[in-house]
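Engineer: Provided below are the primary sequence and the corresponding predicted coordinates.
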Amino acid sequence: MKLVEKPTPKKLASEKEIKKKSFTVVAIGASAGGLEAFSLLLKKLPSDTGMAYIYVQHLSPDHKSLLTTILSKITEMKVQEIDNMEKMEPNNVYIIPPNKVIEVINGHIQLLPRIKKNAPNLTIDFLFSSLAETHKANVIGVVLSGYASDGRIGLKAIKDAGGITFAQDETAKASSMPKSAIAAGAVDFILSPEEIATEIIRIAKNGILKNDAKQKDKKDEIAVKNNSYDLNTIFELLLKQTGVDFSHYKMPTIKRRVNHKMQQYGIKTVEEYVKLLLNKNNEIEILYTDLLINVTSFFRETETFKFLKTNLFPKLLNSKSSEDTLRIWVPACSKGQ
């Protein structure tokens, strides 16, 4: 495809126009082993979900990408390498070119150069965070096989904005990226590529994200509020598996997050959700992670820093020569970075 010049702002759709023609954007990020995983996912998707798909793969900056040619053979959807300021359309698959990062502006995909050739590749985080900001809850984020941790921060941004997030399960050939996102509490569903496709199809059919973006379902909220028996059952399941008692947590927060999980699954009653917790692998652990509130208090502990300054650091420095390296590990981080 030929590169086109960036359109003037007049040619870009306004935010009001985008809302009128809104559709869900599915952003998929992968690295080592990711092409095989995405191929399995893409193969199972029909060509008429009404969603747009953006695939970001860590690529060598020095070689031409063959992704468009390879992926075009396994789907009836149009697969294309992204032009600068490409307008997104549903039922299309957009592929990142080599040596670029991408962000979304008013329904168009903008290409930007990677800043440093040898810097960490965070192209997935860049796209995910961009979509979370512009499309809010109308985004699905997927992290597939890959090394390092790209996608973790962006996936958390999508989840915080109300979107739905997925990570590949133990089928990932390189598990670092999915595991990093899971550990950060950024993942709603941990599934195989084929199962992720099945869930995307279900979301497309039920219109879950669109309903979530437009309104908080008051009927579901009432169902949670008026069913303390099933909420207590949820607390017991969490306590048994995690050792954490949530019964004294803030009830509005608990109900809001349980309600969000119910909406994701298309479940209307807490009783049904309890059955899901009992029968679905990892679901209690996923709910547990969702209920946790990340708080970083390390830098607020003035006494700790005073001790470091006056006691620990002087001892460490006195034991080293000026040519030695001093390595310090700081484990206190609310999001797992």
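Structural biologist: That came through fine. Residues are numbered from 1 along each chain as shown.

Engineer: State the distance from residue 142 to residue 313.
Structural biologist: Going from residue 142 to residue 313 by C-beta to C-beta, to the nearest Å gives 43 Å. Yep, even glycine has a C-beta here, placed from its N, CA and C like the rest.

Engineer: Show me the strands in this structure, by range?
Structural biologist: Here the chain has its strands, by DSSP state E, at 25-30, 52-57, 78-81, 86-87, 92-95, 100-105, 108-113, 139-143, 164-168, 189-191.

Engineer: Can you say which of those strands is packed in most?
Structural biologist: With neighbours defined as mean count of other C-beta atoms under 10 Å, these peak in mean count at strand 139-143, which reaches a mean of 30.

Engineer: so residue 206 touches residue 266, yeah?
Structural biologist: Yes - Residue 206 lies in contact with residue 266 (C-beta atoms under 8 Å); the separation is 5.1 Å.

Engineer: Let me see the ranges of the helices in the stretch 201-337 of the chain.
Structural biologist: 208-214, 218-225, 228-242, 251-265, 270-279, 283-291, 302-307, 313-318 (DSSP state H, counting those that start in this stretch).

Engineer: Where among the ones you listed is average confidence lowest?
Structural biologist: Across the helices of the stretch 201-337 of the chain, helix 218-225 has the smallest mean pLDDT, namely a mean of 49.

Engineer: Relative to residue 180, how far out is the spatially closest residue to residue 125 that is not a sequence neighbour?
Structural biologist: Leaving out its chain neighbours, the residue that sits closest to residue 125 by C-beta to C-beta, 6 or more residues apart in numbering is residue 154, at 4.0 Å. Going from residue 154 to residue 180 by C-beta to C-beta gives 12 Å.

Engineer: With residue 157 instead?
Structural biologist: Relative to residue 180, residue 157 is positioned 14 Å away (C-beta to C-beta).

Engineer: Okay, now the unreliable bits of the stretch 51-200 of the chain?
Structural biologist: Low-confidence segments of the stretch 51-200 of the chain (pLDDT under 70): 116-118.

Engineer: That one: helices as residue ranges?
Structural biologist: Here the stretch 51-200 of the chain has its helices, by DSSP H, counting those that start in this stretch, at 67-72, 123-135, 152-160, 176-183, 193-206.

Engineer: just checking, what packs against the shortest one?
Structural biologist: Translated: helix 67-72. Where contact means 3 or more C-beta pairs under 8 Å, 6 or more residues apart in numbering; DSSP states H and E, helix 67-72 is packed against helix 34-44, strand 52-57, strand 78-81, strand 92-95.

Engineer: out of these, nearest to residue 188?
Structural biologist: helix 34-44 (16.0 Å; C-beta to C-beta).

Engineer: pLDDT of that closest one, averaged?
Structural biologist: Mean per-residue pLDDT for helix 34-44: 98.

Engineer: wait, isn't residue 146 in contact with residue 32?
Structural biologist: Yes - Residue 146 is within contact range of residue 32, at 5.5 Å (criterion: C-beta under 8 Å).

Engineer: ok, those two, which is more surrounded?
Structural biologist: Using other C-beta atoms under 10 Å, the more surrounded residue of residue 146 and residue 32 is residue 146, with 28 against 16.

Engineer: which ones are touching the residue nearest to residue 52 when sequence neighbours are not counted?
Structural biologist: Closest residue in space to residue 52, ignoring its immediate chain neighbours: residue 88 at 4.6 Å, by C-beta to C-beta, 6+ apart. Neighbouring residues of residue 88 by C-beta atoms under 8 Å, 6 or more residues apart in numbering: 25, 52, 54, 94, 104, 107, 108, 109.
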